[in-house]
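A.B. asks: Based on what follows, work out the 3D shape:
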Amino acid sequence: MHAAVVTSFDAPPQYGEYATPVAAGEDELVVEVLAAGLHRLVKGRASGRHYSGAGTLPLVPGVDGVVRDQHGKLRYAVLMDGTPGTFAERAVIDPRRSVVLPDDADPVRIAAAMNPAMSSWVALRRRIAFQAGLRVLVLGATGSAGRMAVQIAKRFGAAHVIAAGRHATRLAPLHELGADEAVTFDQADRAADVDVVIDYVWGEPSARAMTAMITARRDRRAPLDWIQVGSVAGETTPVPAALLRAARLQLCGSGFGSLSGRDFLAELPELVAAVHTGGIEVRARPVPLARVAETWDAETDDRIVYVP
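C.D. replies: Okay, here's the model as predicted:
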């Protein structure tokens, strides 16, 4: 079969021949891949930098996708660890790690949305005791996952959602997606009194925002749940010790390890329904898998989805 194959952590995958995967047990199915998204997680594992990666080469990237099983059913599937990925014509799935899709589901739309949307969805559902009426700041709201986080926070009943990003011009359209307010990182003090932060940034920008927010917070005894989800600005952040003593700041992460596979799988049906029915805006750009090398590092606001 044809697949995208990573042979070096320092280079994009190349399109070529790869052995067709074989089901190893009764609980596995060989399926036809219809669409697979190029997510940050995919690139992180393919570069050997993501903490959940196996670190062995060669590898076929791709952590999830829309597939067709032997009965012709469409499924959204999350792959098992250690198996060749979805950037290929065929993949092996465990049907228990999948959800059957409606016959009229758009494979590209589903493949583009599920991974980035899942980040904020499970963070609010599974990592904190989120309740309707809380105020939420999305730090890094102009990216694909951040845009969806704004919508998902509103969907879950947030009373006020603040979208934060580097550039004001890119923040303006987020009002149409439900953001009640938009601020740049340098204006983080205006979000001082939120109850929850969904942080896709980390690094130095998050440390500055955290300092400004705690300093300006009117009631420092009020709980502030800071959920670390992404790290586009850096893997570490210099959080002053005084911030942890000066306010009721509760830091936690949301991702593989802090949540079980069962936690993620339990949320799939409802999230699929929200994406399929248009409850979440999706920006997707379908690309033939044969063009993986030339589009791997493309700069685009749309989520690239490879179509074998």
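
A.B. asks: For W226, which residues are in contact?
C.D. replies: 196-197, 199, 210, 249-252 (Cβ atoms under 8 Å, 6 or more residues apart in numbering). (Each C-beta comes from the backbone N, C-alpha and C, glycine too.)

A.B. asks: what ranges do the helices span in this protein?
C.D. replies: 40-46, 107-122, 144-155, 168-171, 203-216, 241-246, 261-276, 292-295 (DSSP state H).

A.B. asks: Any chance of TSV for the ones you listed, columns distance to F9?
C.D. replies: Listed next are these as TSV, based on distance: least, Cβ to Cβ, whole Å:
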stretch	distance to F9
helix 40-46	7
helix 107-122	21
helix 144-155	23
helix 168-171	31
helix 203-216	22
helix 241-246	35
helix 261-276	25
helix 292-295	15
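
A.B. asks: how about TSV for these, with mean pLDDT, mean neighbour count and distance to L101 added?
C.D. replies: As requested, the helices of the chain are exported to TSV (pLDDT from 0 to 100; neighbours: other Cβ atoms under 10 Å; distance: least, Cβ to Cβ, whole Å):
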stretch	mean pLDDT	mean neighbour count	distance to L101
helix 40-46	92	21	21
helix 107-122	97	25	7
helix 144-155	97	25	19
helix 168-171	93	14	32
helix 203-216	96	19	36
helix 241-246	93	12	44
helix 261-276	94	16	7
helix 292-295	97	16	24
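
A.B. asks: my guess is L268 contacts R96, does it?
C.D. replies: No: judged on Cβ atoms under 8 Å, L268 makes no contact with R96 at a distance of 10.9 Å.

A.B. asks: which one of the helices of the chain lies closest to M80?
C.D. replies: M80 lies closest, by Cβ to Cβ, to one member of the helices of the chain: helix 261-276, at 9.2 Å.

A.B. asks: Could you check the angle the closest one makes with helix 107-122?
C.D. replies: Interaxial angle of helix 261-276 relative to helix 107-122 (axes from the mean of the first three to the mean of the last three Cα atoms, to 10 degrees): 130 degrees.

A.B. asks: Show me the contact partners of helix 261-276.
C.D. replies: Contacts of helix 261-276 (Cβ under 8 Å, 6+ apart): 76, 78, 96-99, 101-102, 105-106, 109-110, 113-114, 117-118, 121-122, 125-126, 155, 279-280, 282.

A.B. asks: burial of T237, as a residue count?
C.D. replies: 20 (other Cβ atoms under 10 Å).

A.B. asks: so how far is E181 from the spatially closest residue to it that is not a sequence neighbour?
C.D. replies: Excluding its sequence neighbours, the residue lying closest to T237 (Cβ to Cβ, 6 or more residues apart in numbering) is A207, at 4.7 Å. A207 sits 22 Å away from E181, going by Cβ to Cβ, to the nearest Å.

A.B. asks: swap in V60?
C.D. replies: From V60 to E181 the distance is 43 Å (Cβ to Cβ).

A.B. asks: ok, now H2?
C.D. replies: H2 sits 47 Å away from E181, taking Cβ to Cβ as the criterion.

A.B. asks: Using CSV, write down the CA coordinates of stretch 297-304.
C.D. replies: Output of stretch 297-304 as CSV, limited to C-alpha atoms (Å, rounded to 0.1, in the frame of the first residue of the first chain):
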residue,chain,number,x,y,z
ASP,A,297,5.2,22.4,7.2
ALA,A,298,2.6,24.6,5.3
GLU,A,299,1.4,27.7,7.2
THR,A,300,-2.4,27.7,7.1
ASP,A,301,-5.3,28.6,9.3
ASP,A,302,-7.1,25.5,8.0
ARG,A,303,-6.5,22.1,9.4
ILE,A,304,-4.8,20.0,6.7
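
A.B. asks: ok, residues contacting it?
C.D. replies: By Cβ under 8 Å, 6+ apart, stretch 297-304 touches 12, 37-39, 112-113, 116, 144, 282-285, 287, 295.

A.B. asks: Break the protein down into its structural domains.
C.D. replies: 2-105+278-307, 116-253 (automatic domain parsing).
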